[in-house]
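Visitor: build me a model:
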Amino acid sequence: MTTFSRSPARLKGLAALVIGGLALSACATTPMGGSAVGPAVFNADDFAWSTRAGQASIEGRVAFAQDGRVFQCAGNVGLIPDTRYTRARIDRLYGAADRAAVPAAVVRARSAGEQGADYRSYERAEPCADGGFRFSGLPDGSWFLIAPVKAGDSVMVLMRRVQTRGGRAVNVTLGG
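Guide: The predicted structure follows:
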């Protein structure tokens, strides 16, 4: 049987270690870009750019296969503006902020915190017909594409970050 010392010096050392760990976990780090990392709060002003009309478009298709199964679109493709708030949500839900393919059940099981009151009003959706989709009239900026795909009983969600620039069309293959 192992016994642990409960001397005042040992307890004091453990208390200092616990307090130090709690203090460090409360600190926000500053990445090279200069902004503090922390809980992202919904701010409608951060989304304002995405409501403007633009000349850019995103033309895409779904080409995803896994374990020998070919997945097809399972509904609409969503387009979400890339803001500090949405990037934090995407990272929590998909485990990445650039691209991912995650089982839908895993995405649903992950908590991304409370949605902002007007968050949904900034999302766009287009049908995925014959594996293709198109968003037009977009302003220049960074966006997240979200597409549910299905093969038999398996449902996955594909996510990819896309940048529109110079009012041009961007061609994207999700899953490719």
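Visitor: what sits against Val155?
Guide: With contact set as C-beta atoms under 8 Å, 6 or more residues apart in numbering, Val155 has these partners: 74, 103-105, 148-149. Where C-beta positions appear, they are placed from N, C-alpha and C, glycine not excepted.
Visitor: among those, which one has the most neighbours?
Guide: For the contacts of Val155, the largest number of neighbours (other C-beta atoms under 10 Å) sits with Val149, at 27 neighbours.
Visitor: I figured that residue hits Val157, correct?
Guide: Yes. Applying C-beta atoms under 8 Å, one finds Val149 in contact with Val157, separated by 7.5 Å.
Visitor: strands of this protein, start to end?
Guide: Secondary structure of the chain (DSSP state E): strands at 56-62, 64-66, 69-73, 76-81, 99-103, 124-127, 132-138, 141-151, 154-164, 169-174.
Visitor: do you know how far Phe144 is from Ser50?
Guide: From Phe144 across to Ser50, the span is 11 Å (C-beta to C-beta, to the nearest Å).
Visitor: anything in contact with each of the two?
Guide: Both Phe144 and Ser50 are in contact with Pro81, where contact means C-beta under 8 Å, 6+ apart.
Visitor: so where's the protein shaky on pLDDT?
Guide: Low-confidence regions of the chain, defined here as pLDDT under 70, cover residues 1-39, 114-117.
Visitor: center of the chain, which residue is that?
Guide: Per C-alpha atoms, centre = their mean, the C-alpha nearest to the average position across the chain is that of Ile90, at 1.4 Å.
Visitor: count the residues that sit near Tyr122.
Guide: Using other C-beta under 10 Å, Tyr122 has 19 neighbouring residues.
Visitor: which residues touch it?
Guide: Tyr122 makes contact with 47, 50-51, 80-81 under the criterion C-beta under 8 Å, 6+ apart.
Visitor: buried subset of the residues you listed?
Guide: Buried members of those, counted by 16 or more other C-beta atoms under 10 Å: 47, 50, 80-81.
Visitor: redo these as JSON lines? Include distance to Val162.
Guide: Written out in JSON lines, the entries for these read as follows (distance: C-beta to C-beta, whole Å):
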{"residue": "Phe47", "distance to Val162": "17"}
{"residue": "Ser50", "distance to Val162": "13"}
{"residue": "Ile80", "distance to Val162": "11"}
{"residue": "Pro81", "distance to Val162": "11"}
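Visitor: can you tell me which of those is nearest Ser136?
Guide: Within the buried ones among the contacts of Tyr122, distances to Ser136 taken as C-beta to C-beta reach their minimum at Ser50, with 14.1 Å.
Visitor: any idea how far that closest one lies from Ala101?
Guide: When C-beta to C-beta is the yardstick, Ser50 and Ala101 sit 25 Å from each other.
Visitor: cool, and Gly75?
Guide: Taking C-beta to C-beta as the measure, Gly75 falls 16 Å from Ala101.
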